[in-house]
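J.: what follows is a predicted structure for the sequence shown.
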Amino acid sequence: MKRFLILLLLASPVQADMRHSITTSAKIQLDAAYSSASRVGTTYSVTGNNITPSTTVGGTTTSGAIGGLTADSVTSGVPAIVDTDFTVTTAGSAYSMTESLTVGDSIQSATTVTGGVVPSLPSLGVTVTGSGGVSGGTITSLSSGIHTCAGTMGAGSSCTAQTIVESVVD
């Protein structure tokens, strides 16, 4: 009986599902070059106590006037400055005065990206520039079906090669 049982087991059909796949892929990625610039504006402020401000424009002096920026004369996007003169109001008494001037950026020509490179940077108050990827990488497919990356790739360049082998027995 034992022999018959073993013979019966050997004669039974065996079924299995098998799936096998190989997937290979490769890519080269180049980041774009970029430049972003923001101009700084012109600002003027004055504060103080026990002082009398005055301005002189066109030969006429005006007491109690504060100078500053004038839109009457703008050069390359920067307004002209009218100076403020100060005198102590009550001689012999304490006084304080603070004057602040920030001269803004003039209008410049646009930045261009040529061949993935920003050749000249603007000289503005806030400038952010990123180098683009450099083309020069190559993908090689080996006879085994595996991809490799080679060549000269600089900042902003990347190469990804992968091979996925999957074998499933159900």
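T.: Everything's here; your move. Numbering: from 1, shown residues only.

J.: could you use CA atoms for every contact and neighbour count after this?
T.: Fine.

J.: which element is the closest residue to residue 48 other than its chain neighbours on?
T.: Distances taken as C-alpha to C-alpha, 6 or more residues apart in numbering place residue 97 nearest to residue 48, at 4.0 Å, with adjacent residues excluded. For residue 97, the host element (DSSP states H and E) is strand 96-102.

J.: shaky segments in the protein?
T.: 1-14, 110-119, 121-122, 143 (pLDDT under 70).

J.: run the last query once more with 80
T.: 1-16, 32-37, 69-72, 77, 107-125, 127, 129-138, 140-148, 150-156, 170 (pLDDT under 80).

J.: ok, the most centrally placed residue in it - contacts?
T.: Nearest to the mean C-alpha position of the chain, by C-alpha atoms, centre = their mean, lies residue 128 at 5.2 Å. Contacts for residue 128 (C-alpha atoms under 8 Å, 6 or more residues apart in numbering) come out as 35-37.

J.: name whatever forms a beta bridge with it.
T.: Beta-bridge partners recorded for residue 128 (DSSP bridges): residue 36.

J.: which residues in this protein form strands?
T.: Taking DSSP state E as the test, the strands found in the chain are 18-30, 34-38, 43-49, 51-57, 60-63, 68-75, 78-82, 85-88, 96-102, 126-130, 137-141, 147-151, 157-169.

J.: of all the ones you listed, which lies closest to residue 108?
T.: Residue 108 lies closest to strand 34-38 among the strands of the chain, at 10.3 Å (C-alpha to C-alpha).

J.: rewinding a little: now the strand holding residue 97 against strand 43-49, angle please.
T.: Strand 96-102 runs at 180 degrees relative to strand 43-49, counting by axes from the mean of the first three to the mean of the last three C-alpha atoms, to 10 degrees.

J.: now do strand 96-102 against strand 51-57, angle only.
T.: Using the same axes, to 10 degrees: strand 96-102 against strand 51-57 is 40 degrees.

J.: just list what strand 96-102 packs against, helices and strands only.
T.: In terms of contacts (3 or more C-alpha pairs under 8 Å, 6 or more residues apart in numbering; DSSP states H and E), strand 96-102 is packed against strand 43-49.

J.: okay, now the sheet partners of the strand it packs on, with direction.
T.: strand 96-102 (antiparallel).

J.: buried subset of the contacts of residue 128, written for PyMOL?
T.: The PyMOL selection below is limited to those of the contacts of residue 128 classed as buried (16 or more other C-alpha atoms under 10 Å):
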select buried, resi 35+37
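
J.: for residue 135, which residues are in contact?
T.: Taking C-alpha under 8 Å, 6+ apart as the test, what residue 135 contacts is 30, 152-153, 157.
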